[in-house]
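K.L.:
Output the structure for:
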Amino acid sequence: MKRKPVVLRERAQRDIEDAVDHYLAEAGPAVALSFVGALEDVRTRIGGRPGSGSLRYAHELDIPGLRFQPAGKFPYLVFYIERETEIDVLRVLHGARDIPAWIREPGK
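P.N.:
Numbering: from 1, shown residues only. Okay, the predicted model is just below:
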């Protein structure tokens, strides 16, 4: 299978920026950098094997193809849909949140 580019939607990018800001403020630059590294690992993984993510929320939210991958040791989940030519990252959310509510309300 050919690798697909992984594209972050604007909302996913803001999710990441918020998480990095939190880690910088609460845990310092080393932890924030480790988080970014974990996200890059996910990006590499889903670009090469998009079908490896869980479909759990796809069924719950009735969003065909919605998958997620955890961000390594961090409590964040990367939500994405495989498109014909790319991987569309919708959100990057903390796993303790009400995931269905946050996915349904992109402005949160």
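K.L.:
how about stretch 21-31: buried residues?
P.N.:
Tyr23 (16 or more other C-beta atoms under 10 Å). For every residue, glycine as well, the C-beta is placed using N, CA and C.
K.L.:
Between the two ends of it, how far is it?
P.N.:
11 Å (C-alpha to C-alpha, to the nearest Å).
K.L.:
tell me which residues form a beta bridge with the one residue sitting closest to the centre of the chain?
P.N.:
Centroid-nearest residue in the chain: Val78, 1.6 Å away (criterion: C-alpha atoms, centre = their mean). Beta bridges link Val78 to Gln69, Val92, judged by DSSP bridges.
K.L.:
which residues sit in contact with it?
P.N.:
12, 39, 42-43, 46, 68-71, 89, 91-92 (C-beta atoms under 8 Å, 6 or more residues apart in numbering).
K.L.:
mind running it again at 6 Å?
P.N.:
42, 69, 92 (C-beta atoms under 6 Å, 6 or more residues apart in numbering).
K.L.:
for those residues, which one is nearest Leu55?
P.N.:
Ranked by distance to Leu55 (C-beta to C-beta), those are led by Gln69 at 11.6 Å.
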